[in-house]
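>>> sequence? don't have it. structure:
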């Protein structure tokens, strides 16, 4: 952590300028994507409201983009789990990850923590003109709360990936300070994060209001408020209660050089109750603020469910989104989800799903495909088209699936997910098909015969960008809180009626029947885990969920061994059975040390008291 600078009062610093582009949705671009503005002294930075906000924007700037290529959330982590099948195996799937090539957000997040510390140490600058603002003291309080929360959130993102890290507190270190600091324990990290977030909650506003009108200021979208803090706390406490972090003997030898054990080895059942309470607090607050599960109506319930799940990401975020990022790389995501049958020349077709992910989607009757009574058929072809979804001749394995399947997956015979090329009506992934490996570019086809469709816009023309819907990303949405609550409640109060109430709300919105009757705790746990896998796919959860549940070697969460897809190098037409033979597309390596990632080796080498993540 040698990036700490000399005495900050005399150090020059880079200030980030908040761009002022306003989205059509009235969301402000500025708190996440910044560009360097100028070189100034600390005293100059905190002399005015504008300069202080520019600095604070720089703290926000390190937050990852959910849908961007290579982001360490959403897409980036999907490629490191069973959600996606990479063209080239990831460093985890290939078994080559180590401290030299590990995912490195360590430096960036600690830099953000340092920026937050400098901000909080200087925002009360007596020479500042902020106090001359009509609400100057309230602004300083709000800014401090935002920075305090963000600092805790960066720690949270660090420990999810690497396990416990070094807590530096409020200190802004100089070059003469001792940097040979050991990791804090997991419990110390969690207690600090929770305490700091709770303290921040008391400082940030209920909503960011326009001082002139007293109404909510949509140009401040994405800035931290009380509901965002509560929602993140729900996630923090849920993870802390989970098996990976709560009484896990695997980490008995994960110790500092002085012998201090870093992980919790003794199970604490009360943590689940705390997680349930936190989730319910956030849910109730969200509903009081007008948040709701996004739903559309249609005379056809199936169409209503598909539209609800699809358009949640296009326009429904206004109903369901709790913490939004106004600027997001969804355009790159759409290009990589586009088959060549889509109009345009920049389609990439690399967001390919393994068959294992396809098989997790249920049937329209709510049954899992392997369940008795599911009606799933893997052989033969349908003689009936489903207008808007697939054509006649499509494989029966894609017929009568739940609505989220059609909102999230592009398959052989499905309708084209964007404005199509002239004369094309369906996606063709067999070799000579319009999007197959033998027709056009040899690289622009999905290696498994499937592409992701989630968070794409069927009305977008990739050639002209006509029909584009500019939309933010959701870091947290109400649907996640419902699932957090159901899971924590099942562990702390199995049999509670609220479990089915909140789980069924997600299922019914998705167009499958509500669960009825009673379920034992293990069965309900499995149902909730499957629901999270489907509902929150590609939103940055699966990578962490299968780890915190410790299911990477179970059938439901398997991360090692052979993975499959369709035989994309065979077949002469839509209804050729040769294409639909399950074919191995990759063989992945799993080792239990992959439950956490290794620290960048450069950080370990700098600090003799810093132990590498256990197992590396």
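Here it is on my side, so go on. Quick caveat: nothing in here was measured; it's all calculated off a predicted structure.

>>> how far out from the middle of the chain is stretch 87-107?
The chain centroid and the centroid of stretch 87-107 are separated by 19 Å, computed with C-alpha atoms, centre = their mean, to the nearest Å.

>>> tell me which element the spatially most central residue of the chain falls in.
For the chain, the residue lying nearest the average C-alpha position, counting by C-alpha atoms, centre = their mean, turns out to be residue 540 (2.3 Å). When elements are assigned from DSSP states H and E, residue 540 belongs to no helix and no strand.

>>> over to the one 5 residues further on?
Secondary structure here is read from DSSP H and E; on that basis residue 545 sits in helix 542-548.

>>> quick one: the strands in the stretch 451-600 of the chain?
In chain order, the stretch 451-600 of the chain shows strands spanning 451-452, 473-477, 561-565, 583-588, with DSSP state E, counting those that start in this stretch as the criterion.

>>> repeat for the chain
Taking DSSP state E, the strands of the chain run over residues 12-18, 34-41, 321-325, 409-410, 451-452, 473-477, 561-565, 583-588.

>>> and the third one, what does it pack against?
Same thing as strand 321-325. With contacts defined as 3 or more C-beta pairs under 8 Å, 6 or more residues apart in numbering; DSSP states H and E, the packing partners of strand 321-325 are helix 226-241, strand 473-477. Just so you know, the C-beta spots here come from the backbone N, C-alpha and C atoms, and that holds for glycine as well.

>>> what sits against residue 396?
Taking C-beta atoms under 8 Å, 6 or more residues apart in numbering as the contact definition, residue 396 lies against 377-382.

>>> doesn't residue 248 make contact with residue 265?
Yes - counting by C-beta atoms under 8 Å, residue 265 sits close enough to residue 248 to count as a contact (7.0 Å).

>>> who has more neighbours out of these two?
A side-by-side neighbour count of residue 265 and residue 248, using other C-beta atoms under 10 Å, places residue 248 first with 19 against 14.

>>> which ones are touching that one?
263-265, 550.

>>> can you turn the buried part of those residues into a ChimeraX selection?
Buried members of the contacts of residue 248, identified by 16 or more other C-beta atoms under 10 Å, are gathered into one ChimeraX selection as follows:
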select :263,264,550
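
>>> which among the contacts of residue 396 count as buried?
381-382.

>>> how about the contacts of residue 396, which pair is most distant?
Longest distance between any two of the contacts of residue 396 is 12.6 Å, between 378 and 382; criterion C-beta to C-beta.

>>> number of nearby residues for residue 301?
Burial of residue 301, expressed as a neighbour count using other C-beta under 10 Å, amounts to 12.

>>> confidence score at it?
At residue 301, the pLDDT value in this model is 98.

>>> these two touch, right, residue 49 and residue 135?
No - taking C-beta under 8 Å as the definition, residue 49 is not a contact partner of residue 135, at 10.2 Å.

>>> quick one: which of the two has more around it?
Just comparing residue 49 and residue 135: by other C-beta under 10 Å the higher neighbour count belongs to residue 49, 18 against 11.

>>> how close does the closest residue to residue 593 other than its chain neighbours get to residue 227?
When the adjacent residues along the chain are set aside, residue 593 lies closest to residue 615, with 2.7 Å between them (C-beta to C-beta, 6 or more residues apart in numbering). Using C-beta to C-beta, to the nearest Å, one gets 38 Å for the distance from residue 615 to residue 227.

>>> ok, and the closest non-adjacent residue to residue 253?
residue 614 (6.6 Å).

>>> share the number of residues neighbouring residue 289, please.
Residue 289 is surrounded by 14 other residues when neighbours are defined as other C-beta under 10 Å.

>>> return the residues in contact with it.
Applying C-beta under 8 Å, 6+ apart, one finds that residue 289 lies in contact with 207, 227.

>>> again, 7 Å this time
For residue 289, the contact set (C-beta atoms under 7 Å, 6 or more residues apart in numbering) comprises residue 227.

>>> repeat that for the one 4 residues further on.
For residue 293, the residues meeting the contact criterion (C-beta under 7 Å, 6+ apart) are 320, 478-479, 505, 509.

>>> likewise for residue 139?
Contacts of residue 139 were listed using C-beta under 7 Å, 6+ apart, and they are 49, 130, 133.

>>> that one and residue 211, how far apart?
In this structure, residue 139 lies at 10 Å from residue 211, with C-beta to C-beta as the measure.

>>> all the helices of the stretch 251-400 of the chain, in order from the start?
If you assign secondary structure with DSSP state H, counting those that start in this stretch, the helices in the stretch 251-400 of the chain sit at 270-288, 301-311, 317-320, 330-336, 355-358.

>>> the longest helix belonging to the chain to helix 226-241, inter-axis angle?
With DSSP state H setting the assignment, residue counts place helix 136-162 as the longest helix in the chain. Relative orientation of helix 136-162 with respect to helix 226-241: 30 degrees, computed using axes from the mean of the first three to the mean of the last three C-alpha atoms, to 10 degrees.

>>> let's see the pLDDT reported for the residue nearest to residue 253.
For residue 614, the model assigns a pLDDT of 98.

>>> again with residue 211
We note a pLDDT of 83 for residue 211 in this prediction.

>>> and the closest residue to residue 163 other than its chain neighbours, how many neighbours?
Here the nearest residue to residue 163 in space, its sequence neighbours aside, is residue 596; by C-beta to C-beta, 6+ apart that works out to 4.6 Å. Around residue 596 there are 23 other residues, counting by other C-beta under 10 Å.
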